[in-house]
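[1] based on what follows, work out the 3D shape:
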Amino acid sequence: MSTLDFAGSKGKPVVVVGSLNMDLVMRTPRVPVGGETLHGHEFSTLPGGKGANQAVACARLGAKVAMIGQVGNDGFGTTLRDGLAADGIDVNGVLQTSAVGTGVAMILVEDIGQNRIVLAAGANGALTPDDIDAQTALIGGAAMVVLQLEVPMPVVERAIAIAHSAGVPVLLNPGPAKPLAEALWSQIDLLIPNESEAELLSGIAVTDAASAYTAARVFRQRGVKCVLITLGANGVAVIDDAGERHLPAHVVKAVDTTAAGDTFIGGLTAGLVEGMAMDEAVALGQRASALCVTRHGAQPSIPYRREIA
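    Predicted coordinates for the structure are as follows:
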């Protein structure tokens, strides 16, 4: 069983507070070394950003979703906002600013499916706690609030504080990893780092399920209710009041892992808010993520619920 209670969440939206980026993707045989020029296979411009990816994944996998974030008043920003709306996501909380351009991510995808990403925050970095205060009613009426760390930390802290005070469960995907204020930990209901993020935040090197449990105990001691550490092709380590267990991943041939973690979070969240037990919701997220990595792109690769049911 889960330590989280979604009994009163029916009809309420999942509110995702986070980044929206335009992904500039280059597919390449391998990553060039310093000073080397390498011919890539192809270049594409695709909608992304951890926040937007997770919002799209939640929506496609069955949840009602609202997004809070910011884009520039430019072509990229309009495309991103319209794309979310096309997936049925409430975008009234997605602001457009003329002060700075839309965030972008430069992504190199190797033939083996691994990716390397460099971000330019753009409008994501201009989001403020005041912008979050303006969405207090939306956050306070959510089934769950989902956050990442691609927007300024004061924004994350303010959104978590509003949700926590309203009794709304908080899911934090702490990527890109950075230190969290000590007072924040006890306000996080569900923490979902990958191996490198878990290591940076706990000080424990995470290489397998056993070391993941050790890192997760650190987070639980800080006050987090439930910890899921994603281990890539090695599955997920789950630690909550029901105990510690390892759920292996589906074996697939990956071509692009760009939105794998975001898709997992979307499936997990959609499952939880519709009343699934934790391990059942994890399994939904894993099925969705396994299909995602067999496709190219971030949001274009995220499956619909009908594809994995």
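[2] low-confidence ranges in the stretch 201-309 of the chain?
    309 (pLDDT under 70).
[3] how about 90 then?
    232-233, 249-260, 292-300, 308-309 (pLDDT under 90).
[4] hey, where'd the strands end up in it?
    226-230, 236-240, 243-247 (DSSP state E, counting those that start in this stretch).
[5] same thing with the stretch 51-200 of the chain?
    65-72, 90-97, 103-110, 115-120, 144-147, 170-172, 190-191.
[6] mind listing what the residue positioned nearest the centre of the chain touches?
    Ranked by distance to the mean C-alpha position of the chain (Cα atoms, centre = their mean), the top residue is Asp262 at 4.1 Å. Each residue near Asp262 by Cβ atoms under 8 Å, 6 or more residues apart in numbering is listed here: 50, 53-54, 57, 173, 298, 302. Any C-beta I mention is one placed from the backbone N, CA and C, and that applies to glycine too.
[7] now do 7 Å
    By Cβ atoms under 7 Å, 6 or more residues apart in numbering, the contact list for Asp262 reads 50, 53-54, 57.
[8] turn these into JSON lines, including distance to Ile68.
    Putting these into JSON lines (distance: Cβ to Cβ, whole Å) gives the following:
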{"residue": "Lys50", "distance to Ile68": "13"}
{"residue": "Asn53", "distance to Ile68": "15"}
{"residue": "Gln54", "distance to Ile68": "12"}
{"residue": "Ala57", "distance to Ile68": "16"}
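[9] and which of those is nearest to Gly167?
    Ranked by distance to Gly167 (Cβ to Cβ), the contacts of Asp262 are led by Gln54 at 21.7 Å.
[10] picking up where we left off before, dump the strands of the stretch 51-200 of the chain to JSON lines, plus mean pLDDT and mean neighbour count.
    Below are the strands of the stretch 51-200 of the chain laid out as JSON lines (pLDDT from 0 to 100; neighbours: other Cβ atoms under 10 Å):
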{"stretch": "strand 65-72", "mean pLDDT": "98", "mean neighbour count": "28"}
{"stretch": "strand 90-97", "mean pLDDT": "98", "mean neighbour count": "19"}
{"stretch": "strand 103-110", "mean pLDDT": "90", "mean neighbour count": "21"}
{"stretch": "strand 115-120", "mean pLDDT": "87", "mean neighbour count": "15"}
{"stretch": "strand 144-147", "mean pLDDT": "98", "mean neighbour count": "28"}
{"stretch": "strand 170-172", "mean pLDDT": "98", "mean neighbour count": "25"}
{"stretch": "strand 190-191", "mean pLDDT": "98", "mean neighbour count": "26"}
